[in-house]
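**Student:** Turn this into a structure:
(one chain, ligands or ions: 1)
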Amino acid sequence: MKKWKVGVVGCGKIALANHLPEMLTVAKNAEVTALYDTVREKAEALAEKFNLQATICSSLDALLKSGVDAVIIATPNLYHYKQTLKCLQAGKHVLVEKPMASSVEEAEEMIALAEEKGLVLQVNQSLRYSAPHKKFADLIAAGEIGVPFHANCRRTATTSPDKGWSPGATWFVQKKYKGSLVTDIAVHMADFLYWCLGPVDNVMAQTLNLDHEVPDNVNALIRFKTGATATLELSWTFPCNLEDRFEVFGPEGAIAMTNEGIVIHKKNRKQPRLIKYSAIKAIPNSHKVFIDSIAKGGNRNWLYGRNALALCMAIIESNKTQAAAVPAMIESEK
Ligand SMILES: NC(=O)c1ccc[n+]([C@@H]2O[C@H](COP(=O)([O-])OP(=O)(O)OC[C@H]3O[C@@H](n4cnc5c(N)ncnc54)[C@H](O)[C@@H]3O)[C@@H](O)[C@H]2O)c1
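**Tutor:** All right, here's what the predicted structure looks like:
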């Protein structure tokens with residue numbers, strides 16, 4: 001079997017915490033052979049940390065000419081669109097970080113080019129490759145609590161990512177780099193709500209820019225096509241740490257994600273059932289899906305990213321117009 005050569009563009013926190021560790025899990029079929037970061041030392045440090053025999057490139061062009069088959073794009077949000085187009089133009093498969101672009105129009109252009117060239121374009125919507133999240137969505141799809149009528153998601157932090165997750169990465173809170181809590185966290189959580197409750201009809205959102213020039217608090221009320229509702233509460237500026245909350249309610253019970261695992265409450269059962277995260281069977285990670293898709297031909301790997309972006313754009317639009325916005329989503333199945 002061919003060993004695919006992969007380049008990594010942007011050697012910051014997510015490359016360190018996710019892309020390189022997950023690439024090791026597919027080491028039999030793929031290897032990182034080239035790295036590029038505008039701060040060369042970051043690429044060098046990553047190569048050293050993972051003991052990579054990779055070329056440290058001085059530009060994206062150089063990386064594209066280094067013989068790679070595929071590229072992982074892990075740069076600040078602003079660059080995803082242009083860098084993806086450039087990689088696709090050069091005939092490379094692309095795994096791009098979320099949000100895949102800064103508008104649905106940009107995303108459509110990226111998708112059209114990937115389809116035209118017959119290349120895999122995947123978005124690193126991490127929750128879609130997480131076993132506990134899949135188990136949670138599967139339980140709901142299996143009718144464990146009946147057809148859901150409401151969900152609530154609260155995910156709050158006391159700091160923005162430039163202080164906590166990737167110290168000094170101020171692009172996360174700057175408009176010109178397309179940073180914000182919407183593109184950082186709503187892009188995951190609105191997508192997870194969609195996964196659990198189905199197609200979205202409309203979104204009413206209010207955002208606040210409390211300590212930053214971009215939204216650092218996001219509150220949204222989502223109406224699904226089934227008639228169900230969901231509330232989404234996100235913050236980077238909470239005064240203290242509160243446990244995250246993700247709960248879905250149906251006529252037969254409720255399912256919640258907790259620190260211990262997935263908890264299922266049933267109407268006629270006294271004790272809730274706990275499914276510990278450690279008991280949930282692993283599923284293929286994002287990088288395995290990406291590399292396998294390259295080998296056998298990808299099929300709409302961009303879909304989750306495309307729809308998650310549409311939800312983010314609806315949140316931004318609704319806050320701007322102070323009216324409900326209809327996300328420009330497309331059907332899951334074709
Ligand atoms: N999937 C997830 O769960 C998840 C989690 C965190 C971050 N992300 C995404 O990953 C991306 C990177 O986030 P991060 O936390 O690693 O940020 P970071 O700031 O830690 O790393 C970004 C790196 O890109 C480099 N860079 C900047 N401009 C560049 C350019 N034009 N070309 C090449 N390199 C450039 C920087 O020097 C830096 O090393 C963002 O899009 C973010 O939204 C995804």
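**Student:** how about Thr231, what does it touch?
**Tutor:** With contact set as Cβ atoms under 8 Å, 6 or more residues apart in numbering, Thr231 has these partners: Ala151, Asn152, Cys153, Asn219, Ala220, Leu221, Ile222. No exception for glycine: its C-beta is placed from N, CA and C like everyone else's.
**Student:** what's the answer for Ala308, then?
**Tutor:** Counting by Cβ under 8 Å, 6+ apart, Ala308 makes contact with Lys98, Pro99, Val123, Gln125, Val187, His188, Ala190, Asp191, Tyr194.
**Student:** what does Lys3 give?
**Tutor:** By Cβ under 8 Å, 6+ apart, Lys3 lies in contact with Lys28, Asn29, Ala30, Glu31.
**Student:** Give me the nearest residue to the second one, chain neighbours excluded.
**Tutor:** Right, the one you point to is Asn29. Across the structure, with Cβ to Cβ, 6 or more residues apart in numbering as the measure, the residue nearest Asn29 apart from its sequence neighbours is Ile291 (5.4 Å).
**Student:** helix or strand right after whichever helix or strand Leu113 is part of?
**Tutor:** Assigned by DSSP states H and E, Leu113 belongs to helix 104-117. The helix or strand immediately downstream of helix 104-117 is strand 121-124, counting by DSSP H and E.
**Student:** Just checking: what are the partner strands of that following strand?
**Tutor:** Each strand that pairs with strand 121-124, with its direction, by DSSP bridges: strand 93-97 (parallel).
**Student:** Check for me that His19 belongs to a helix.
**Tutor:** Yes. Assignment of His19 by DSSP: H, G, I helix; E, B strand; the rest coil places it within a helix.
**Student:** so what's it closest to, chain neighbours aside?
**Tutor:** If the residues on either side of it in the chain are set aside, His19 comes closest to Ile72, at 5.3 Å by Cβ to Cβ, 6+ apart.
**Student:** That neighbour: what's it in contact with?
**Tutor:** Applying Cβ under 8 Å, 6+ apart, we find Ile72 in contact with Val6, Gly7, Val8, Val9, Ala15, His19, Met23, Val94, Leu95, Val96.
**Student:** can you tell me how far it sits from the ligand?
**Tutor:** Applying Cβ to the nearest ligand atom, to the nearest Å, one obtains 10 Å for the distance of Ile72 from the ligand.
**Student:** Weed out the non-buried ones from the contacts of Ile72.
**Tutor:** The neighbour count (16 or more other Cβ atoms under 10 Å) marks Val6, Gly7, Val8, Val9, Ala15, His19, Met23, Val94, Leu95, Val96 as buried among those.
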